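*Asks:* Sequence first, predicted model second:
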Amino acid sequence: MTGPARPTSMRAAVLSADGTLAVENIPVPRPRAGEALIRVESVGVCHTDLHVLKGEVGFPKPCVLGHEVSGTIVELGDDDSEEAGADSGPRLAVGDRVVGGFIMPCTRCEACRAGRDDLCENFFAQNRLKGTLYDGETRLHRADGTPLAMYSMAAMAQYCVSPVSGLAALPEGLPSDTSAILGCAAMTAYGAVSRAAGLQPGQTVAVVATGGVGMGVVQIARALGASRVIAVDVSDDKLALAARLGATDVVNSLDADPVAAVRALTGGRGVDVAFEALGRPQTFEQASRMLADGGALVAIGIAAGAATAAIEITPLVRRSQRIIGSYGARTRVDLPSVVELARQGGFDLEQAVTRRYRLHEAADAFDDLAAGRILGRAIIVMD
Ligand SMILES: [Zn+2]
Ligand SMILES: [Zn+2]
């Protein structure tokens, strides 16, 4: 099924083996069964892409990054509806506006069949390790035939291919550009708040490190009824944005001991849930000491290498506290949920996105992200 105006070549930001990021002309990919070709409207600029770019996360190169995307379906792969199960993804058509989640569930592995898209075995084994989709092949090549690895759907390009299982329809009223961040920043935050923490209305929350995902946690915790949301960061500018997005209190951890400050703000009790969004031992340990009795530390920041944190055992046991890891979310269920939350006004996309770049400025966007010059989330808007 082919829509109108499908060009043969496109511009893509290609990360070469030597670590340089440059726009190249490459062939437009073709979707296979169960996949969609998307004309990219915009793509988010995420720290995880930056980790790959800096070589801190191993990934094959040359490759195309970009793993939260918004755009329009222009082509669908050959129909495989007889083979596909009922939960193989949403029913979508050419011309539909969509967002793509960074975890693209294969729908067939044991984890996916159990609804645990966040643990999809093929996503990790094929996409994250090899840069391919689930038949073991990439959809992207240079004009000379060199394969280009795909980080998720590889959306830093004018077109990308994603399994339909990783997509959700974008309703009227949500913008085509800023909605891209629903696919990683917002979906990851939603998974942490709704799934991992199981946040209940009236509970108190601390968010340690308010980058793209932490800022999403602030918004979603408020939207889901948290009575207090205490944002902790080292940047007054980020804390000011967190306050605009729903934080009831802010703590600059350069000015005050964040554990003492959070305890003081909660009458000595501590918080029901502390989200750690940085992945550093010091902040992980701090978050663990902010907890109320029965509280939960939800870890969402990926650490460098094999970092470890020291947690005092006895309080954890005596106070029945929990430490929970949370990676992404269950795309097929949670991405539509977070889209709906945004449609209802529970996630302010316009305030969350604080910078816009063009594709040829992709390298500048990552420089700015690395230097801490991006307050909320940045997006690259396609030409
Ligand atoms: Zn991301
Ligand atoms: Zn799977």
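*Replies:* Great, that's in hand. Ligands and ions are numbered 1, 2, ... in the order given.
*Asks:* Only C-alpha atoms from now on, for both contacts and neighbour counts.
*Replies:* OK.
*Asks:* and stretch 198-210, what's its mean pLDDT?
*Replies:* Regarding stretch 198-210, the rounded mean pLDDT is 97.
*Asks:* Run through who's touching it.
*Replies:* Applying Cα atoms under 8 Å, 6 or more residues apart in numbering, the contact partners of stretch 198-210 are 193, 214, 217-218, 221, 224-234, 238-239, 242, 262, 271-278, 283, 287, 290.
*Asks:* how about that stretch: buried residues?
*Replies:* Across stretch 198-210, burial judged by 16 or more other Cα atoms under 10 Å covers L199, Q203, T204, V205, A206, V207, V208, A209, T210.
*Asks:* Buried residues of the helix or strand of the chain at the bottom of the mean pLDDT ranking, list them for me.
*Replies:* Of the helices and strands making up the chain, the lowest-confidence element is helix 47-53, at a mean of 93, by mean pLDDT, DSSP states H and E. Residues of helix 47-53 classed as buried: H47, T48, D49, L50, V52, L53 (neighbour count, 16+ other Cα under 10 Å).
*Asks:* quick check, nearest of these to ligand 2?
*Replies:* T48 (20.8 Å; Cα to the ion).
*Asks:* chain center to stretch 36-50, what's the gap?
*Replies:* 10 Å (Cα atoms, centre = their mean, to the nearest Å).
*Asks:* ditto for stretch 292-300
*Replies:* 21 Å.
*Asks:* wait, does it contact ligand 1?
*Replies:* No: Stretch 292-300 stays out of contact with ligand 1 when judged by Cα under 5 Å from the ion, the minimum separation being 11.3 Å.
*Asks:* Need the contact partners of that stretch.
*Replies:* 192, 196-197, 269-279, 284, 287-288, 291, 319-327.
*Asks:* Filter those residues down to the buried ones.
*Replies:* The neighbour count (16+ other Cα under 10 Å) marks 192, 196-197, 270-279, 284, 287-288, 291, 321-323, 326-327 as buried among those.
*Asks:* separation between whichever residue of the stretch 151-300 of the chain sits closest to ligand 2 and M10?
*Replies:* The stretch 151-300 of the chain approaches ligand 2 most closely through S165 (10.1 Å), counting by Cα to the ion. S165 is 24 Å from M10, where distance means Cα to Cα, to the nearest Å.
*Asks:* Compare neighbour counts for those two and give me the winner.
*Replies:* Between S165 and M10, S165 has the larger neighbour count (other Cα atoms under 10 Å), namely 24 against 16.
*Asks:* Next, the contact list for that one, please.
*Replies:* So S165 contacts G34, S88, G89, P90, M104, P105, C106, T107, T331, R332 (Cα under 8 Å, 6+ apart).
*Asks:* I'd say the second one and T107 touch.
*Replies:* Meaning S88. Yes: taking Cα atoms under 8 Å as the definition, S88 is a contact partner of T107 at 5.6 Å.
*Asks:* Who wins on neighbours among the contacts of S165?
*Replies:* That'd be P105 among the contacts of S165, by other Cα under 10 Å, with 32 neighbours.
*Asks:* Contact partners for that residue?
*Replies:* Contacts of P105 (Cα under 8 Å, 6+ apart): C112, D117, D118, C120, N122, F123, P163, S165, G166, T331, R332.
*Asks:* A strand includes it, no?
*Replies:* No: counting by DSSP: H, G, I helix; E, B strand; the rest coil, P105 is not found in a strand; it is coil.
*Asks:* Can you give me the pLDDT of it?
*Replies:* Per the predicted model, pLDDT is 98 at P105.
*Asks:* The buried ones among the contacts of stretch 292-300 also near ligand 2: which ones?
*Replies:* Of the buried ones among the contacts of stretch 292-300, not one also sits near ligand 2 (Cα under 5 Å from the ion).
*Asks:* Get me the contact residues on this protein for ligand 2.
*Replies:* By Cα under 5 Å from the ion, the part of the chain that sits against ligand 2 consists of P105, C106, T107, C109, C112, C120.
*Asks:* Next, count neighbours for the closest residue to A209 other than its chain neighbours.
*Replies:* Among residues not flanking A209 along the chain, D233 sits closest, at 4.8 Å (Cα to Cα, 6 or more residues apart in numbering). By the criterion of other Cα under 10 Å, D233 has 24 neighbours.
*Asks:* Same question for A243.
*Replies:* 19.
*Asks:* Name the spans of this protein whose pLDDT lies under the cut-off.
*Replies:* 1-5, 80-86 (pLDDT under 70).
*Asks:* what residue lies at the spatial centre of it?
*Replies:* With distances taken as Cα atoms, centre = their mean, the residue of the chain nearest its centroid is C184 (1.8 Å).
*Asks:* Can you give me the separation between it and ligand 1?
*Replies:* Distance from C184 to ligand 1, counting by Cα to the ion, to the nearest Å: 5 Å.
*Asks:* Next up, phi/psi of that residue, please.
*Replies:* The phi and psi values for C184, taken as degrees, to the nearest 10, are phi -130, psi -60.
*Asks:* got a list of what it touches?
*Replies:* Applying Cα under 8 Å, 6+ apart, we find C184 in contact with H67, E68, G101, F102, V213, G328.
*Asks:* and with 10 Å instead?
*Replies:* The contact partners of C184, taken as Cα atoms under 10 Å, 6 or more residues apart in numbering, are 44-46, 48, 67-69, 100-103, 190, 212-213, 216, 328-329, 331, 335.
*Asks:* again, but for R97
*Replies:* R97 touches 38-41, 70-74, 167-172, 174-176, counting by Cα under 10 Å, 6+ apart.
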